[in-house]
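Engineer: below is the structure, and that's it, no one-letter string:
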C-alpha cells in the first residue's frame, strides 16, 4: 500500500532563504508523486508532479522537486523564499495504473519571516 | 482557466440532518472525487466516480454517504444523517484521464452542531 511521510509539521525560513520541505513515500510499484499547496481558506493547488519521466520536476512559483528512488524521497525546494510562499504544503502519492485516489501526507506549514 | 467550483463555501447543520454538498467539475473531465480534511488533520480520500458509478471508496465512505451526478455538470455528495465527527472541509476534485493530476475545488466547510 502507498503512504507518504512529511517530516516537520512546521518549517520556518527567512525571506530569501532556501526552502526545503521533505517527503518520503512508500510504494510497492513506481509511484506518481505530487506536491499541492493550500493557501489560507483556499483549496488545493497543484505545484508539480512526477509521473516517471524526468526525475527533476519543475513546478509553478519557482518550486522544484527531485524524485530519488534510492532514498524513496520527493523533497520540495525553492532557492529563495518569498513572503507569498507562506502556506501549507502537501505531498501525495498515487499508484499508477491502479486506484485513482491520492494518499496525502500530513502537510507542512511553511512560515516565511521578513 | 477552468476550475472546479463548490457550493456552499460553508454550511452549518444540526446533527442528524441531511446535507448535500455540490460541485461543478471541469467540463471535459471524466473522473470525479471527494476528499475531506478534518481540522488539523491530513486530507483523506472518500470516493472516486467514473462512468456514472463509484470506482473506489474508502472505509470512511459508509452507508451514510452517497454521490450522484444528476446532470451533465454537477457532482454531489450527500450525507444522510450527519454526525458531529462529519465536521470537516470537503473537497471535490476532477481529472481528465484519471492517471495524472486532480484539480481541486475551494472546498465546503461543513460544521455539524
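Structural biologist: On my side now, so go ahead. Just so it is clear, the model here is predicted, and its values are computed rather than measured. Numbers count the residues shown, from 1 in each chain, chains lettered A, B, ... in the order given.

Engineer: nearest residue to the middle of chain A?
Structural biologist: residue A:35 (3.5 Å; C-alpha atoms, centre = their mean).

Engineer: need the residues of chain B near chain A, please.
Structural biologist: Contact residues (C-beta under 8 Å from any C-beta of the partner chain) of chain B with chain A: B:4, B:6, B:31, B:33, B:35, B:41-45, B:48, B:50, B:55-56, B:58, B:91, B:93, B:95, B:98-107. Any C-beta I mention is one placed from the backbone N, CA and C, and that applies to glycine too.

Engineer: can you list the weak-confidence ranges in chain B?
Structural biologist: Along chain B, the model assigns pLDDT under 70 to residues B:98-100.

Engineer: in a helix, the residue nearest to the centre of chain A, correct?
Structural biologist: No. With DSSP: H, G, I helix; E, B strand; the rest coil as the criterion, residue A:35 is located in strand rather than a helix.

Engineer: just the buried ones from the residues of chain B next to chain A?
Structural biologist: B:4, B:6, B:31, B:33, B:35, B:42-45, B:48, B:50, B:55-56, B:58, B:91, B:93, B:95, B:98, B:101-107 (16 or more other C-beta atoms under 10 Å in any protein chain shown).

Engineer: hang on, the earlier thing: contacting residues for the residue nearest to the centre of chain A?
Structural biologist: By C-beta atoms under 8 Å, 6 or more residues apart in numbering or on different chains, the residues touching residue A:35 are A:21, A:23, A:46-49, A:59, A:63, A:65, A:74, A:76, A:89-92.

Engineer: close to chain B: what parts of chain A are there?
Structural biologist: So chain A meets chain B at A:32, A:34, A:36, A:42-46, A:49, A:51, A:90, A:92, A:96-97, A:99-107 (C-beta under 8 Å from any C-beta).
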